[in-house]
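A.B. asks: heads up, no residue letters with this:
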């Protein structure tokens with residue numbers, strides 16, 4: 001597979017229907033797996049070999065994605081607040097219902113957008129860690 005393409009699929013009656021606009025390929029099927037296979041077959045007919053990721057889209061799924069984003073943001077704020085109070089990772093995990101691994105990941109992210117990983121190049125070089133102080 002030379003490239004990966006994302007296609008949004010919507011429900012039409014009992015079928016899922018997806019459209020890949022870049023190559024003008026439609027796919028449909030009763031399951032999302034069949035839709036992906038249908039789109040991949042259509043792409044093969046126009047000479048494109050690609051892995052296809054199907055993203056199902058309905059108003060309810062959009063609402064669910066928004067709720068997941070809101071929960072992630074609230075969880076990141078709670079983790080940050082507890083971490084500032086020097087709460088242990090395991091206590092933060094127990095208090096928030098998150099895994100220790102998830103707490104570690106959230107602590108490593110910048111405060112302004114909890115969904116974006118910190119860029120080490122953005123850390124000011126003039127700041128010393130407490131361990132390096134005399």
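C.D. replies: Yep, that arrived. Computed from a predicted model, the values in this text were never measured in an experiment.
A.B. asks: could you check how far the helix ranked longest in the chain is from the centre of its chain?
C.D. replies: When the chain is parsed with DSSP state H, its longest helix is helix 59-84. Mean C-alpha position of helix 59-84 versus that of the full chain (CA atoms, centre = their mean, to the nearest Å) differs by 12 Å.
A.B. asks: quick one: mean pLDDT over the helix or strand just after it.
C.D. replies: Per DSSP states H and E, helix 59-84 leads on to helix 89-96 as the next helix or strand towards the C-terminus. Average pLDDT, helix 89-96: 93.
A.B. asks: okay, buried residues for the helix or strand containing residue 52 please.
C.D. replies: Secondary structure assigned from DSSP H and E places residue 52 in strand 50-56. Judged by neighbour count using 16 or more other CB atoms under 10 Å, the buried positions of strand 50-56 are 50, 52, 54. Heads up, the C-betas are built off the backbone N, CA and C, glycines and all.
A.B. asks: wait, a helix at residue 7?
C.D. replies: No - for residue 7, which was evaluated using DSSP: H, G, I helix; E, B strand; the rest coil, the result is strand, with no helix membership.
A.B. asks: let me see the contact set for it.
C.D. replies: In this structure, residue 7 makes contact with 18-20, 27, 39, 52-55, judged by CB atoms under 8 Å, 6 or more residues apart in numbering.
A.B. asks: which of those sit farthest apart?
C.D. replies: Greatest spatial distance among those (CB to CB): 19 and 53, at 14.0 Å.
A.B. asks: how many neighbours does residue 44 have?
C.D. replies: By the criterion of other CB atoms under 10 Å, residue 44 has 12 neighbours.
A.B. asks: ok, it to residue 51 distance?
C.D. replies: Using CB to CB, to the nearest Å, residue 44 is found at 12 Å from residue 51.
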